[in-house]
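[1] please find the sequence and the predicted model below.
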4 protein chains.
Amino acid sequence: MASTVIKGGTVVTADLTYAADVKVEGGVITEIGPNLTGDTLLDATGCYVMPGGIDPHTHLEMPFMGTYSTDDFESGTRAALSGGTTMVVDFALPSPGQSLLEAIQMWDNKSTRANCDYSFHMAITWWGEQVFNEMETVVRDKGINTFKHFMAYKGALMVDDDEMYSSFKRCAELGALPLVHAENGDVVAQLQAQLLAEGNNGPEAHAYSRPAKVEGEATNRAIMIADMAGVPLYVVHTSSEQAHEAIRRARQNGMRVYGEPLIQHLTLDDSEYGHHDWDHAARRVMSPPFRNKKHQDSLWHGLAAGSLQVVATDHCAFTTEQKRYGVGDFTKIPNGTGGLEDRMPMLWTYGVVTGRLTMNEFVAVTSTNIAKILNVYPKKGAILVGADADIVVWDPKLEKTITAESQQSAIDYNVFEGKEIKGLPRFTLTRGLVSVEDGEIKTREGHGEFVAREPFHAV
Amino acid sequence: MASTVIKGGTVVTADLTYAADVKVEGGVITEIGPNLTGDTLLDATGCYVMPGGIDPHTHLEMPFMGTYSTDDFESGTRAALSGGTTMVVDFALPSPGQSLLEAIQMWDNKSTRANCDYSFHMAITWWGEQVFNEMETVVRDKGINTFKHFMAYKGALMVDDDEMYSSFKRCAELGALPLVHAENGDVVAQLQAQLLAEGNNGPEAHAYSRPAKVEGEATNRAIMIADMAGVPLYVVHTSSEQAHEAIRRARQNGMRVYGEPLIQHLTLDDSEYGHHDWDHAARRVMSPPFRNKKHQDSLWHGLAAGSLQVVATDHCAFTTEQKRYGVGDFTKIPNGTGGLEDRMPMLWTYGVVTGRLTMNEFVAVTSTNIAKILNVYPKKGAILVGADADIVVWDPKLEKTITAESQQSAIDYNVFEGKEIKGLPRFTLTRGLVSVEDGEIKTREGHGEFVAREPFHAV
Amino acid sequence: MASTVIKGGTVVTADLTYAADVKVEGGVITEIGPNLTGDTLLDATGCYVMPGGIDPHTHLEMPFMGTYSTDDFESGTRAALSGGTTMVVDFALPSPGQSLLEAIQMWDNKSTRANCDYSFHMAITWWGEQVFNEMETVVRDKGINTFKHFMAYKGALMVDDDEMYSSFKRCAELGALPLVHAENGDVVAQLQAQLLAEGNNGPEAHAYSRPAKVEGEATNRAIMIADMAGVPLYVVHTSSEQAHEAIRRARQNGMRVYGEPLIQHLTLDDSEYGHHDWDHAARRVMSPPFRNKKHQDSLWHGLAAGSLQVVATDHCAFTTEQKRYGVGDFTKIPNGTGGLEDRMPMLWTYGVVTGRLTMNEFVAVTSTNIAKILNVYPKKGAILVGADADIVVWDPKLEKTITAESQQSAIDYNVFEGKEIKGLPRFTLTRGLVSVEDGEIKTREGHGEFVAREPFHAV
Amino acid sequence: MASTVIKGGTVVTADLTYAADVKVEGGVITEIGPNLTGDTLLDATGCYVMPGGIDPHTHLEMPFMGTYSTDDFESGTRAALSGGTTMVVDFALPSPGQSLLEAIQMWDNKSTRANCDYSFHMAITWWGEQVFNEMETVVRDKGINTFKHFMAYKGALMVDDDEMYSSFKRCAELGALPLVHAENGDVVAQLQAQLLAEGNNGPEAHAYSRPAKVEGEATNRAIMIADMAGVPLYVVHTSSEQAHEAIRRARQNGMRVYGEPLIQHLTLDDSEYGHHDWDHAARRVMSPPFRNKKHQDSLWHGLAAGSLQVVATDHCAFTTEQKRYGVGDFTKIPNGTGGLEDRMPMLWTYGVVTGRLTMNEFVAVTSTNIAKILNVYPKKGAILVGADADIVVWDPKLEKTITAESQQSAIDYNVFEGKEIKGLPRFTLTRGLVSVEDGEIKTREGHGEFVAREPFHAV
Ligand SMILES: [Zn+2]
Ligand SMILES: [Zn+2]
Ligand SMILES: [Zn+2]
Ligand SMILES: [Zn+2]
Ligand SMILES: [Zn+2]
Ligand SMILES: [Zn+2]
Ligand SMILES: [Zn+2]
Ligand SMILES: [Zn+2]
């Protein structure tokens, strides 16, 4: 069996920093230590050898208005690998009334082209005996232990408190972890209607329609419901001090609640929506919207203090053309931005280089904590013998300016356009396959495999 | 015109403590000062002359399962006066689909026998164009500037977030103040069903079905909705640290939010529900249920700090026989306890005598703050020339042991049974009429009048 | 006895808003009601008739480096009256080792020229048996019930925790209220030394040497010491969220703690210290220094929520020439700014006109709350029959631009220079004497009298 | 080289739970994996193989009133090993004026008899140029990177804010971590004097003299000083919600602050001091004293939430005879209790068995977090190839009742007497040496070595 050795680097994990070579054979790590030899040598001199990133929150080729978000499992995972991310977790979204198992089948079909490993969360978009029953199959047979609930998107994906409580209870029985998109959908719908009625139809109104309070409220509510249902909770895209406050208050009352800031919310702010160019602003439309500096500080502090645990992207990339579907009505602008390619370099630049986070914390929040929370550690998220060889060799001296022209993502812009990055992958390995080599992209379509995740210890 | 002079006492208001006589003519205060003379003299030597209490939260002769809560406007207001309370604010409760104006008519009919003045809140128990329109009439023509919203009692009085937001917006337009009963009705309903399914059908299960978290969540949610609607908020029966925390967090963000602890929650705790006697426990069934000492401390501190403003009773008195309707199913126990007669003596004994509250704060939270928040100050809640002569002459040396046998309330028990009280009315005057005279009850049925309340300055 | 009637205005107190005339005779209010007549009529049409302001924190003719702060009791109280303030409370400051009674004598001498009434706080600047004993005389015989403690100004006024605890205990025995200037003096001294050593000798370094954390810490410490000593606490010039947080945390634990924001901290921010002109920055040097917007928001919210109670000035006016004493060494810049003249118009403009505070709250925080906390209510701080006729007739339509050229204060600049004010006195009365008449200043030197303040109920 | 293999167990680290054998050679771990063979086999069937505990806070043979605390490095480390703890960190305490290097020499002498490895913190008990200079030697040459500061014990070990700030600054320069014993020494001294003056001389007065507020205040102050000095902070024996609140507030402002609850404060409460037997109460006298349930909950929640990081003992064992030195004057009762032997079993029983903590969190707070914070990870605190073979083989089925009769500690009582424990070491290895074997103690005096700790990256 051919071996690859990453030589001369410093291994950096969530836990440790030490000089060692890393040998990879058959897609897994087989040895860690000094002076290793192998068939292929990757020079890691001056580099940090870290677990590949895991993005717990993506929407690749997501169905939307009869079309799809533009980055699919091929371009999306290619973008991921180019930025050091070696696994993504996407959301299987059943239509209301649709079988959960049928939704998995659809997502299985899309994911065959993936360049790196992936897993799925299942969304609970409706409720009934069929859903109740299929949840068991999803957990026991389909390798999915996480269920997403939308508290917003009224009339579409949204579930009410009653359904959420029922689903959370079911999660508790099955050893599954509920996730929530936390915004009060009723209030958002009312604000949208008001804004449109007042003639506010541009992208800036998107931000007005989803203030931080609306997110804080829903986060607080989901936490209470999880507490009553006796189950931990994972709050996706935590973007505001209000939501963070609810999370840390719960944690200080003994609850197990996790918060997931996005790299966008950590580094971009709501002034973007005031841009004179409709396209510029519309490209940044996502939910929750970008916030101000006060909220950014809160998120950074939470990552350092441990009250927030992971950094994701909610990658859901629409082209400018797709965004323009919402000209004249901001509620029709497809929600979502890119980020898969830039999450790790942006977080390194704005987090580690600035001294906000240690290197070990960087690994924790981009990879190891996620693997643990999603129950795939240490197969993923670790530099350990026996772990999958999902590895990024990080060169802290590499620099670039982010620009859409040179990106892997299939869309025509980048929300981080112009940001100057310091710290990039010299190599990225996905289960041993070198997909980034000295900056050159060498992904292999279809190499990625589904990662089944076991349930937690159920009652 | 015949005059009455309260002589030799110390006037105590929310603001001031000073020696003065008080002259009453034609139902109003006409003079305050030394050495006043009049036709009738009431000896206030050794007493505090204070504004009569206002109970902002009662349910007299409330319809329930084809019958009514037992204290009606006669016995209820008689109980009130005997304890120094000279005004009550009751809730007009339209059935779902019923006209608000029709509900007022029903409450007008019931209140003709009142012994003291009263006013109404209007409940919003359903939503539609008719309600939207009638709200204006209620405010402009009917003297009601407060609208109550139930976030619990699913399938009955409960409104959802969408309806609540719409109603709050309407309140903002009309210069009205929204009130909420804050408990998450969906979760309560689920917990009730679970408990019953597990065979927990006794009164103790009532408390399990309505934990403090469920109240805290709803309070937090109502505050957010009020904030987005641009209107202040009044939270009835604030019983827990969680609800109080939400209120003070909002206040520290600049919002105008009011919290109303009940005398029951301040002085009784949840150990009552563990009583071996079903009747004992069932008589204490109310929503929210009694809490533990930690919550009591929080409420007392809030009153002293000003983050909570008023003390009420939610007086809704059912006989033991009525309570027994819920034998075998705690969800059928009629919710409510008495308190009108005991609120002021209990608060004095446990608040002023213990040093937790000053006398002036006592007046503020039992009367003056309420009058201000409900916009009837200084007609009510004041010892000022021109104010209604709703006055209690408080004798701090009078003592008694509370017992159902000697109470005015029409029910057969008292939740404060056995409590030793220090501080009681020597006289109570309702618009000049002496209704309590040296402990003797001399109320006059039908003396009470409706007090119209003006809207706040609307936009 | 000649009478003056304020006619046609709207009386606004901390409690009430109502149309009435106010009659003044012999320096006190003798009648309030409609259609009053008198010898002199003051036309209050379109105006609010409010209790004159009380500034609880001034330093007039304060000794400093062999000279004195420039505004003395004459110019200082003239400035006060021109802005609607009718009483000031100054600090008697004994030198270390000096008798407290001797200090009172010195302040008595200075205050003979006062144009309006005044009172004194006593500072505890050293500790010993003499101080312990004299405190009793100060309280019982000298009409002073408040003792100030400096936690900063190391080597000069500062007392340590041990002394502070001893003094607080003594206050508890005597029924006196301790006050603190809360900054950690040890840390400030260290930071000053460091900054100077690094060559940072300009006024901007003053702000660097007294960060908000240093204030928050000392506030928290003083509160704990007061709690252990069993006495309430008044924190002067509360300028930061950290200090405010400590205060409201204490209040929510049942303590009686008061916080006093200054008008400067509410309306000016720390960008002033970055001004290119040394004089501009040095004129703003005071302790604590101005803070940023986050802190300002916190203070405003505290006033509205009731967790902060009063607004003062710490008026201590030095000329530019005096300020220049600190050229080359910021620690030698005399600390202090003006404000007496502008406190009420600035707070009205930035507080009431903007909707942050109601008119009644304006009266409370500028006058009534102060009178209550300092135990001179309702002699001061009230529009009541029998109260001193310290009255401001406030014309909400009057406008001006603040400028040093037209001010009463004796210094050559004004920190509010250029601010556009809306709302000013039409008349100001000090014990009945009309000192401002349609904008014209008619003060009478020596008219002001010392106001003795009774102790609180001591144990 | 002889090898030992721990066979058939489940390795549990802060990070991972997995089945593996562990091979030990030459005092270090040389292999981890399935089916290992070796010269000696230790049967770990049904057991968890965990990093040995580290107690970061002990006082062995501590000088006191001309004698010493009774557990010395021999009996103390024997007790430690019997309970699964394989390393202790003791405090070198210079007398005021004494050279730091001389103190190290004294502690070196005492520690020669240690049965397991140990390290030292250095206490800063006075300040001066000599201390400033010697701190560098201590860090660079003596393997000590932590400096302890006492904010209490006035007149003995206490340093003031000025000295603390200077020392913290010096720590920042040297890459050292400051530690604090956080109680306000001035206030404690005053309370002690008062209590004695009032005739309260028994052990219960010890608790009255050191209330939680006094600890919260000092914690808050130390944090501010550390923040201004630009250095992280480690707060020893965090015992109260107030101290915990200060810590987590700091962490949420971006600071690196660590809190160390003791096993005593987690499991014993202040009712112990009310015991009728003077000896019983006096044996529990330590500072801070035990607290009530509210504080215990706060500490447990902090460990789960990550706002508190480690569990220690402050082991300082005095015999009853030594305790009786304080008969008639509680301030003379030597402060300290045992705990070394019971920390791990007590935390397992009350933390893991109850579900408050996961097994991985147990390892983190008893060992791994400590090793990281004190900068000896992964030499200590890890089950990794190359790590020291400090290992405990934990049998979750072993039970015992704690009793002084069967303990290793040299004193005549145990504060946990009668507690029923579930979970104990089957084997304990100290650098490969089996010191506990199936419950039998086989320690080797003098086996323990000093563990030098490198400075952190200094500026
Ligand atoms: Zn989402
Ligand atoms: Zn998403
Ligand atoms: Zn209710
Ligand atoms: Zn009610
Ligand atoms: Zn000051
Ligand atoms: Zn001052
Ligand atoms: Zn200690
Ligand atoms: Zn210690």
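    Nice, thanks for sending it over. In this text, all values refer to a predicted model and were calculated from it rather than measured experimentally. Ligands and ions are numbered 1, 2, ... in the order given.
[2] for the rest of this, base every contact and every neighbour count on C-alpha atoms.
    Fine.
[3] would you mind measuring from A:Thr320 to chain C?
    According to C-alpha to the nearest C-alpha, to the nearest Å, A:Thr320 stands 37 Å off from chain C.
[4] now do A:Val138
    The spacing between A:Val138 and chain C, counted by C-alpha to the nearest C-alpha, is 48 Å.
[5] where's the closest residue to that residue other than its chain neighbours relative to chain D, distance?
    Using C-alpha to C-alpha, 6 or more residues apart in numbering or on different chains and skipping residues adjacent in sequence, the residue nearest A:Val138 is A:Ile144, 5.9 Å away. For A:Ile144, the distance to chain D equals 21 Å [C-alpha to the nearest C-alpha].
[6] also A:Val5?
    When C-alpha to the nearest C-alpha is the yardstick, A:Val5 and chain D sit 19 Å from each other.
[7] are we agreed that that residue is in a strand?
    Yes - when the secondary structure is assigned by DSSP: H, G, I helix; E, B strand; the rest coil, A:Val5 falls within a strand.
[8] give me the neighbour count for it.
    For A:Val5, the number of neighbouring residues by other C-alpha atoms under 10 Å in any protein chain shown comes to 25.
[9] over to A:His265?
    Using other C-alpha under 10 Å, A:His265 has 26 other residues around it.
[10] against A:Cys316, how distant is it?
    Separation of A:His265 from A:Cys316 (C-alpha to C-alpha, to the nearest Å): 15 Å.
[11] sorry, back to before: the residue nearest to A:Val138 and A:Glu136 touch, don't they?
    No - applying C-alpha atoms under 8 Å, one finds A:Ile144 not in contact with A:Glu136, separated by 9.9 Å.
[12] who has more neighbours out of these two?
    Summary of the neighbour comparison: A:Ile144 and A:Glu136, criterion other C-alpha under 10 Å, with A:Ile144 having more neighbours (25 against 19).
[13] for the more buried one, list the residues it contacts.
    When contacts are counted by C-alpha atoms under 8 Å, 6 or more residues apart in numbering or on different chains, A:Ile144 touches A:Ser119, A:Phe120, A:His121, A:Met122, A:Val138, A:Ala452, A:Arg453, A:Glu454, A:Pro455.
[14] tell me which element A:Cys89 falls in.
    Quick fix: residue A:89 is Val, not Cys. Assigned by DSSP states H and E, A:Val89 belongs to strand A:85-92.
[15] and that strand, which residues are buried?
    For strand A:85-92, a neighbour-count test (16 or more other C-alpha atoms under 10 Å in any protein chain shown) marks A:Thr85, A:Thr86, A:Met87, A:Val88, A:Val89, A:Asp90, A:Phe91, A:Ala92 as buried.
[16] what sits opposite the third one in the beta ladder?
    So the one you mean is A:Met87. The partner list for A:Met87 in beta bridges (DSSP bridges) reads A:Ile54, A:Asp117.
[17] contacting residues for it?
    Contacts for A:Met87 were tallied using C-alpha under 8 Å, 6+ apart; they are A:Gly52, A:Gly53, A:Ile54, A:Asp55, A:Thr77, A:Ala80, A:Cys116, A:Asp117, A:Tyr118, A:Ser119.
[18] next one: A:Phe416
    By C-alpha under 8 Å, 6+ apart, the contact set of A:Phe416 is A:Asp342, A:Ile402, A:Thr403.
[19] if I look at the closest residue to the first one other than its chain neighbours, what pLDDT would I see?
    Computed as C-alpha to C-alpha, 6+ apart, the closest residue to A:Asp342 that is not its neighbour in sequence is A:Gly83, at 5.9 Å. Among the per-residue scores, A:Gly83 holds a pLDDT of 98.
[20] A:Ile223 sits in which helix or strand?
    Using DSSP H and E, A:Ile223 sits within helix A:212-229.
[21] show the average pLDDT along the helix or strand just after that helix.
    Next along the chain after helix A:212-229, taking DSSP H and E as the criterion, comes strand A:233-235. Averaged across strand A:233-235, the pLDDT comes to 98.
[22] where do the helices of the stretch 301-450 of chain A begin and end?
    Secondary structure of the stretch 301-450 of chain A by DSSP state H, counting those that start in this stretch: the helices cover A:320-323, A:343-347, A:359-363, A:369-373.
[23] D:Glu420: which of the ones you listed is closest?
    Counting by C-alpha to C-alpha, D:Glu420 lies closest to helix A:369-373 out of the helices of the stretch 301-450 of chain A; the figure is 33.0 Å.
[24] tell me which other helices or strands the closest one touches.
    When contacts are defined as 3 or more C-alpha pairs under 8 Å, 6 or more residues apart in numbering or on different chains; DSSP states H and E, helix A:369-373 packs onto strand A:53-58.
[25] ok, the closest residue to chain C within chain A - contacts?
    Of the residues in chain A, the one nearest chain C is A:Lys294, at a distance of 9.4 Å by C-alpha to the nearest C-alpha. Remark: with contacts taken as C-alpha under 8 Å, 6+ apart, A:Lys294 is in contact with A:Glu241.
[26] mind running it again at 10 Å?
    With contact set as C-alpha atoms under 10 Å, 6 or more residues apart in numbering or on different chains, A:Lys294 has these partners: A:Ser240, A:Glu241, A:Asp269, C:Lys294.
[27] ok, now A:Tyr18?
    Contact criterion C-alpha under 10 Å, 6+ apart gives A:Gly9, A:Thr10, A:Val11, A:Val12, A:Gly33, A:Tyr48, A:Val49, D:Pro378 as the residues in contact with A:Tyr18.
[28] go through these and flag which are in strands.
    A:Thr10, A:Val11, A:Val12, A:Gly33, A:Tyr48, A:Val49 (DSSP state E).
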